[in-house]
Each structure stands twice: as structure tokens, then as C-alpha cells.
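Participant: Any chance you can model this:
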Amino acid sequence: MCIELKIKSKHLSLESKVIRFEERKLQKQIKWLYENDTTRESDSYSVMSKSDYWKTVWKLGSLTDHRKRVVGNENRATFLARAYIEGVPYNKVETKRKDEKHYEFNCKVLPRVLDMVKKYHPVYEVRKNITLDVLKDWCNM
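Facilitator: Numbering: from 1, shown residues only. As a prediction, the model looks like this:
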């Protein structure tokens, strides 16, 4: 078993938890900014509150996207790399893949799996000779 990938997987899990915590804080800020927006009740125009509100909404969206796409894909790639190195068949690791997710899997997840297997596989010959086609064959078993 590759201890480095196990540690990486745990760190990605913790990163996701930290991001979720920060998302909740931003959601509270958005709620407070919305409730204390003076422009809804009067004709006075508060540029600062609208600006702060939309900046906070944008930050929340950015954090959510980072957690779901970047951290999620990296965690999935790490999980698949660990399974490949340990010799676990792909269909035991993931049972189904949505058809609309094939592009993301082939273009983002599999190249990361390849990089991790090349870096962390204990057998030098496997590290040297592995290609994306080998991983695709493993995934289509």
C-alpha cells in the first residue's frame, strides 16, 4: 500500500471539510447582508452593501466550485490511483459512471491518476511503462 496516497486522501478530505465550514460562514454573511440591505426599504442607494453582497456571493460560488470540482476530482483520482496500485479491479471501486461525466473523467481524472501511479507505484517497470491507454483499459474491464 502507498502511504503517501493514503495521507493525500486524508488531507483532501480535511480540505473539503474546511471549505464547507468556510461556506457556512459565507452563507451567514450573505444572509446578514441581505437582511440589512437598506436599498430594499428606501430610495437611498447603498453601493457598499450591494458590492459587499455580490462579492460574498461570488466568493461562496467560487469556494463551492473549488470543493466540488477541484478537490472532488483530485480525491477521486487519488482513490483510483490507490486502487490501481493495490491491484483492485475498477468495477470493485466504482460501479457506475454517468454518461455526461465521461469527458470530465477522461480529461481531468484519468491524467491525474496516471501522474500519481507514475510517481508512487513501487515497481519501477510499471511506473516507466504505464500509459493512459493502460488506465483506460483498466477502467473498461
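
Participant: ranges for the helices of the chain?
Facilitator: 3-35, 47-65, 72-86, 90-93, 102-104, 110-120, 124-129, 132-139 (DSSP state H).

Participant: And the first one, what does it pack against?
Facilitator: Taking 3 or more Cβ pairs under 8 Å, 6 or more residues apart in numbering; DSSP states H and E as contact, the helices and strands that helix 3-35 lies on are helix 47-65, helix 72-86, helix 110-120. Yep, even glycine has a C-beta here, placed from its N, CA and C like the rest.

Participant: Now do the longest one: everything it contacts.
Facilitator: For helix 47-65, the surrounding residues in contact (Cβ atoms under 8 Å, 6 or more residues apart in numbering) are 19, 22-23, 26-27, 29-30, 33-34, 36-39.

Participant: again, 7 Å this time
Facilitator: 19, 22-23, 26-27, 29-30, 33-34, 37-39 (Cβ atoms under 7 Å, 6 or more residues apart in numbering).

Participant: Thanks a lot, catch you later.
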